[in-house]
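Visitor: coordinates only, sequence not included:
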Ligand code: NAD
């Protein structure tokens, strides 16, 4: 990837996009379109279809028809594998185009986007494609007079709803295992980050995913998202997004066909630094990256720093130094380390969090609020708030922006108590050179992930998911297959 290749793509005019239903590009049934604003400069980038309930019904019907006639669901796993491997190759071939498209849409810095979006998506499709012809059923240990077979059957029609941060990566975490296992999918991207997923649907068709197996409907969550989640003909919902929407999905499920809902929600993840951390300077640098990259818009961001009190001042000073050295700017410039905040409403919400924290007595150690306003884009300086009390709004609630909350602690027991004193349980970090302490912390912290002497970074071999109000589903690893396959018993009298 070099700057001149990015520059060729950054100002390309984008034509308006339609839904992708039944293998065809389809305009919204009432002709509606929605402007897509770029967070880079606040300008209109293009338009997407403003989906209606009728559009969503058409997509669900297409997915159901494709599932029932077996055009994909009854293909041999080895054949599905071939198609999905081809899709992985196509994603890689179009990686820069996909990355730039996504960045123009959602503002992630290009260096991170390239790795975390197309390259990770290609790897995800490859991983599940390679795995699917290695999943066996079971024979039960019955008496000789019967044969008990345990099959893994695809669930049917999967409804997938994803957020605006890392749409290709998160979308692929759901699409790849869902498609590999033979399901049909209706995908509803976020209103403000649909473009790269629409391109993915085009590539899937080129790779040979049959018509109707992957459908994408764009538009409002409250209209098409709700229609999808309320459908009697959708078998499971897989979702990544906010807790408020996750709660609604559970309600829609109860009001419709009681479909299983797998929810990946928000977090307020504690990053805990003990005075015996192996390298405090490294810990400060990684902790700054762990909250500020992608302008803090990462679900697992280490947004709640807990520092042992005797190293608090020294550690915060070092972290502030790193925060101030990070370059905030146009996410399509290769030397940018922190890109744009996704939307003006997110930016306003971030600033509001900081103002409330100050009103509650916290001190702003660095961060000038909105910056680079002259670009028309939405940029915010990385912000460090110290003296945040466990009862404060900033301690308890997810900002989803570049704002770090810092609280001192005395000992291990207090660190665990503080770590667990929000409703969330997504990610966490512990910095210590004491192995026994590391294991006690892993056992004590209620979170889906505990990083030790690092923060962030993982690969497909391990699951990602939360506990408590951070959700109940896990993406990644072979465990993801469990969501998309039902167990079915055959009991045969011999
Ligand atoms: P959001 O809940 O506002 O939107 C997510 C998706 O839900 C969008 O596609 C939206 O259109 C749709 N939606 C909204 N209302 C709906 C409704 N009533 N019915 C059906 N669908 C509806 O979340 P967001 O602002 O796009 O994303 C940010 C949130 O996502 C943060 O809380 C972040 O922590 C979380 N997140 C979690 C993970 C994870 O793996 N746990 C990963 C990324 C983001």
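Guide: Okay, I see it. Keep in mind that this is a model prediction, so the values were computed, not measured.
Visitor: Alongside the ligand, which residues does the stretch 51-200 of the chain contribute?
Guide: Counting by C-beta under 6 Å from any ligand atom, the residues of the stretch 51-200 of the chain close to the ligand are 161-165, 170, 188-191. Just so you know, the C-beta spots here come from the backbone N, C-alpha and C atoms, and that holds for glycine as well.
Visitor: which ones among these are found in strands?
Guide: 161, 188 (DSSP state E).
Visitor: Distance of the residue in the stretch 301-450 of the chain positioned nearest to the ligand relative to residue 224?
Guide: The minimum distance from the stretch 301-450 of the chain to the ligand, using C-beta to the nearest ligand atom, falls at residue 400 (5.0 Å). Computed as C-beta to C-beta, to the nearest Å, the residue 400 to residue 224 distance reads 23 Å.
Visitor: Those two: which has the busier surroundings?
Guide: residue 224 (28 against 25; other C-beta atoms under 10 Å).
Visitor: Quick check: closest non-adjacent residue to the more buried one.
Guide: Nearest in space to residue 224, with sequence neighbours left out and distances taken as C-beta to C-beta, 6 or more residues apart in numbering, is residue 51 at 3.9 Å.
Visitor: Tell me which residues touch that neighbour, please.
Guide: Taking C-beta atoms under 8 Å, 6 or more residues apart in numbering, we find residue 51 in contact with 19, 28, 188, 217-220, 223-224.
Visitor: Also residue 478?
Guide: Counting by C-beta under 8 Å, 6+ apart, residue 478 has contacts residue 131.
Visitor: ok, it to residue 128 distance?
Guide: 9 Å.
Visitor: joint contacts of those two?
Guide: Contacts common to residue 478 and residue 128, judged by C-beta under 8 Å, 6+ apart, are absent.
Visitor: Please give me every residue in contact with residue 57.
Guide: Contacts of residue 57 (C-beta under 8 Å, 6+ apart): 227, 231.
Visitor: That one is in what secondary structure piece?
Guide: helix 53-69 (DSSP states H and E).
Visitor: Give me the distance between the two termini of stretch 11-25.
Guide: 24 Å (C-alpha to C-alpha, to the nearest Å).
Visitor: Only the buried residues of that stretch, if you could.
Guide: Residues 17-23 are the ones in stretch 11-25 that count as buried (16 or more other C-beta atoms under 10 Å).
Visitor: Now, these that are in strands?
Guide: Those of those lying in strands (DSSP E): 19-21.
Visitor: Just give me the closest of those residues to residue 34.
Guide: Nearest to residue 34 among those: residue 19, at 12.0 Å, using C-beta to C-beta.
Visitor: Can you spell out which residues form a bridge with the closest one?
Guide: residue 26 (DSSP bridges).
Visitor: Also residue 492?
Guide: residue 147.
Visitor: for whichever strand or helix holds residue 87, packing partners?
Guide: According to DSSP H and E, residue 87 maps onto helix 77-93. On a contact count with 3 or more C-beta pairs under 8 Å, 6 or more residues apart in numbering; DSSP states H and E, helix 77-93 meets helix 120-132, helix 167-180, helix 195-207.
Visitor: Pick the most deeply packed of those helices.
Guide: helix 167-180 (a mean of 28; mean count of other C-beta atoms under 10 Å).
Visitor: what about it, distance to the chain center?
Guide: 10 Å (C-alpha atoms, centre = their mean, to the nearest Å).
Visitor: same deal with stretch 404-422?
Guide: 26 Å.
Visitor: and it, is it in reach of the ligand?
Guide: No - for stretch 404-422, no contact with the ligand is found by C-beta under 6 Å from any ligand atom; the gap never falls below 12.8 Å.
Visitor: Likewise for stretch 304-315?
Guide: No - against the ligand, stretch 304-315 shows no contacts by C-beta under 6 Å from any ligand atom, the least distance being 13.4 Å.
Visitor: Please, where are all the strands along the stretch 201-350 of the chain?
Guide: With DSSP state E, counting those that start in this stretch as the criterion, the stretch 201-350 of the chain has strands at 214-216, 236-240, 260-264, 270-273, 304-308.
Visitor: What is the third one packed up against?
Guide: In this structure, strand 260-264 packs against strand 236-240, helix 243-255, with contacts taken as 3+ C-beta pairs under 8 Å, 6+ apart.
Visitor: if we take the contacts of residue 51, which one ends up nearest to the ligand?
Guide: Distances from the ligand to those, taken by C-beta to the nearest ligand atom, are shortest for residue 188, at 5.5 Å.
Visitor: what's the neighbour count on the closest residue to residue 284 other than its chain neighbours?
Guide: Distances taken as C-beta to C-beta, 6+ apart put residue 318 closest to residue 284, at 3.9 Å, once the chain neighbours are dropped. Neighbourhood size, residue 318 [other C-beta under 10 Å]: 18.
Visitor: same thing with residue 303?
Guide: For residue 303, using other C-beta under 10 Å, the count is 28.
Visitor: Isn't it up against residue 398?
Guide: Yes - in this structure, residue 303 is within contact of residue 398 by C-beta atoms under 8 Å, at 7.0 Å.
Visitor: so what's in contact with those two at the same time?
Guide: 267-268.
Visitor: and the closest residue to the ligand within the stretch 51-200 of the chain, what pLDDT?
Guide: Closest residue of the stretch 51-200 of the chain to the ligand, C-beta to the nearest ligand atom: residue 163 (3.1 Å). In this model, residue 163 is scored at 98, pLDDT.
Visitor: how near is the closest residue in space to it that isn't next to it in sequence to residue 375?
Guide: Once flanking residues are discounted, residue 163 sits nearest to residue 241: 4.4 Å by C-beta to C-beta, 6+ apart. According to C-beta to C-beta, residue 241 stands 28 Å off from residue 375.
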